[in-house]
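1. Attaching a predicted model along with its sequence, questions to come.
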Amino acid sequence: MLVVKKFGGSSVADKERIFNVANRCIEEYKAGNDVVVVLSAMGDTTDHLIGLANTINPKAKKRELDMLLTTGEQVSVSLMAMAMQALDVPAVSLNAFQVMMHSTSRYGNARFKRVDTERIQHELDSRKIVIVTGFQGVNKYDDITTLGRGGSDTTAVALAAALHADRCEIYTDVDGVYTADPRVVKNAKKLDTITYDEMLELASLGAKVLHNRSVEMAKKYNVELVVRSSLNRSEGTVVKEASKMEKLLVTGVAADSNTARISVIGVDDKPGIAFQIFDTLAKSYINVDIILQSVGREGTKDISFTVASEDLENALQVLDANKERLTIQKVTYNEDVAKLSIVGAGMMSNPGVAARMFEALYNSRVNINMISTSEIRITVLVAKNDIEKAMNAVHDGFGMAD
Ligand code: ADP
Ligand code: ASP
Ligand code: MG
């Protein structure tokens, strides 16, 4: 049996944790299985490296940032191999170049295109535990890239898919996927199973327990994931296709404070304006999220939308540079906002879910700025200050409490 095991930063934060992980992997290996381990950088190494870069050059090129950030994962994998060797178990650490994890060229936000398996297979055949750097890829210029924050999960799934692994386990610092971030909502309950679609929505809407691309890829290649704790032996959560699962009305709540609202005021109320605005933003790689358009009045209308915080400055610049062509009279923005979402496959066939969410928010006097819905989710924009209160209110309002 081939098992891919991924351990996040907190699971390898110090010497003791590194040996804990080493022992868990060795246990699997000694049971006769082939073991591929994917690691993140130790503790908050990645944050520290970003801070360090900022002290040198706050406008550092993404290529150089990737060169810097990928060192974190290289530290963990080499130390892990040393730990296993100290325990008399053959192990080898490999980075994205040595495996050849081919990615697209976008620094800071690359996607995997193809993963070569020869080197890993060769090492497994000689009965070594293979330890691979998470979060990194190699682009067509032979430069190192990163997959976006939290990207090590995606490395694990990409390897599990390419190697046709029998199991893919994501070990982290909580016992599995909960109905809400257990650090924010103390009543949050652990889920035994969750569908790819629900997990994908939660991950994309701010539940950072899994990188959203990892879920997308797991669904595409039908890789069943288990999310569990590296610190205890509890069962964890299985992420898989829907099959016979009971459809919960609301499976989980997610929050994302990494967002900003932009309003373009007084644009011409004529066909093609929305297209031109969003096309202009898309061409600058700015992803737009919730969109709200006002009813036209006296030939003009207003359009509001949200973008990720890190894209705000760029979005404002792009809009300003194209002000006349886009017929914009004024642009306003607000950074003190956060998105709150509920996700559940059962929503599709149940009217009144939105009303129940709004009621819970009203009961705790949280004002709603914007609303957006899809088949299996509802997202509202609220003041950043209100987010924890709102999250708890909505979570408990749907009876998800433990
Ligand atoms: P790792 O370093 O192991 O990749 P992350 O910090 O990326 O770990 O993700 C785990 C964290 O995700 C948890 O500590 C928890 O605070 C947060 N989290 C957010 N939403 C959820 C959720 N619905 N279920 C579990 N954890 C969640
Ligand atoms: N070390 C990277 C990060 O902090 C990747 C990861 O943890 O998955 O984002
Ligand atoms: Mg993570």
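-> That came through fine. Given the structure is predicted, the values throughout are model-derived calculations rather than measurements. Numbering: from 1, shown residues only. Ligands and ions are numbered 1, 2, ... in the order given.
2. Residue of the stretch 251-400 of the chain nearest ligand 1, please.
-> residue 252 (5.4 Å; CB to the nearest ligand atom). No exception for glycine: its C-beta is placed from N, CA and C like everyone else's.
3. So what does that residue look like in phi/psi?
-> Per-residue torsions, residue 252: phi -160, psi 170 (degrees, to the nearest 10).
4. Tell me the confidence at it?
-> Residue 252 carries a pLDDT value of 95.
5. how about the helices in the stretch 1-150 of the chain?
-> 15-30, 45-56, 62-86, 96-99, 118-125 (DSSP state H, counting those that start in this stretch).
6. Could I get the ones you listed in a markdown table, plus columns for distance to residue 288, mean neighbour count and mean pLDDT?
-> Converted to a markdown table, those look like this (distance: least, CB to CB, whole Å; neighbours: other CB atoms under 10 Å; pLDDT from 0 to 100):
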| stretch | distance to residue 288 | mean neighbour count | mean pLDDT |
| --- | --- | --- | --- |
| helix 15-30 | 40 | 17 | 98 |
| helix 45-56 | 25 | 14 | 98 |
| helix 62-86 | 21 | 20 | 98 |
| helix 96-99 | 31 | 20 | 98 |
| helix 118-125 | 39 | 15 | 98 |
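7. Save these as CSV, and put in distance to ligand 3 too.
-> Shown next, in CSV, are those (distance: least, CB to the ion, whole Å):
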stretch, distance to ligand 3
helix 15-30, 15
helix 45-56, 10
helix 62-86, 12
helix 96-99, 18
helix 118-125, 22
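8. Please identify which of these is closest to ligand 2.
-> So among the helices of the stretch 1-150 of the chain, helix 45-56 is nearest, using CB to the nearest ligand atom, at 3.5 Å.
9. helices and strands around that closest one, which ones?
-> helix 62-86 (3 or more CB pairs under 8 Å, 6 or more residues apart in numbering; DSSP states H and E).
10. got the angle for the helix it packs on vs helix 45-56?
-> 140 degrees (axes from the mean of the first three to the mean of the last three CA atoms, to 10 degrees).
11. is ligand 1 contacted by helix 62-86?
-> No: against ligand 1, helix 62-86 shows no contacts by CB under 6 Å from any ligand atom, the least distance being 11.2 Å.
12. just the angle between that helix and helix 15-30, please?
-> Going by the same axes, to 10 degrees, helix 62-86 makes 70 degrees with helix 15-30.
13. so which of the helices of the stretch 1-150 of the chain gets nearest residue 171?
-> helix 15-30 (7.6 Å; CB to CB).
14. How far off centre is the closest one?
-> 26 Å (CA atoms, centre = their mean, to the nearest Å).
15. Could you do stretch 30-42 as well?
-> Its chain's average C-alpha position is 22 Å from that of stretch 30-42, according to CA atoms, centre = their mean.
16. Any stretches of this protein with poor pLDDT?
-> For the chain, applying pLDDT under 70 flags the ranges 243-247, 402.
17. go with 80
-> Applying pLDDT under 80 to the chain flags residues 243-248, 296, 349, 401-402.
18. The helix or strand harbouring residue 260 - contacts with which helices or strands?
-> Assigned by DSSP states H and E, residue 260 falls within strand 252-268. Secondary-structure packing of strand 252-268 (3+ CB pairs under 8 Å, 6+ apart): helix 196-204, helix 273-283, strand 300-308, helix 312-321, strand 330-343, helix 387-397.
19. 7 Å instead?
-> Strand 252-268 sits against strand 300-308, helix 312-321, strand 330-343, helix 387-397, with contacts defined as 3 or more CB pairs under 7 Å, 6 or more residues apart in numbering; DSSP states H and E.
20. what's near enough to touch the residue of the stretch 251-400 of the chain found nearest ligand 2?
-> Scanning the stretch 251-400 of the chain for the residue nearest ligand 2 gives residue 258, at 13.0 Å (criterion: CB to the nearest ligand atom). The contact partners of residue 258, taken as CB atoms under 7 Å, 6 or more residues apart in numbering, are 308-309.
21. One more: residue 114?
-> So residue 114 contacts residue 102 (CB under 7 Å, 6+ apart).
22. Tell me the bridge partners for it.
-> residue 102 (DSSP bridges).
23. Export the helices of the stretch 1-150 of the chain to CSV and append columns for distance to residue 370.
-> Supplementary listing: the helices of the stretch 1-150 of the chain in CSV, determined by distance: least, CB to CB, whole Å:
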stretch, distance to residue 370
helix 15-30, 41
helix 45-56, 30
helix 62-86, 30
helix 96-99, 39
helix 118-125, 46
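24. wait, isn't residue 223 in contact with residue 159?
-> No: assessed by CB atoms under 7 Å, residue 223 is found out of contact with residue 159, at 9.7 Å.
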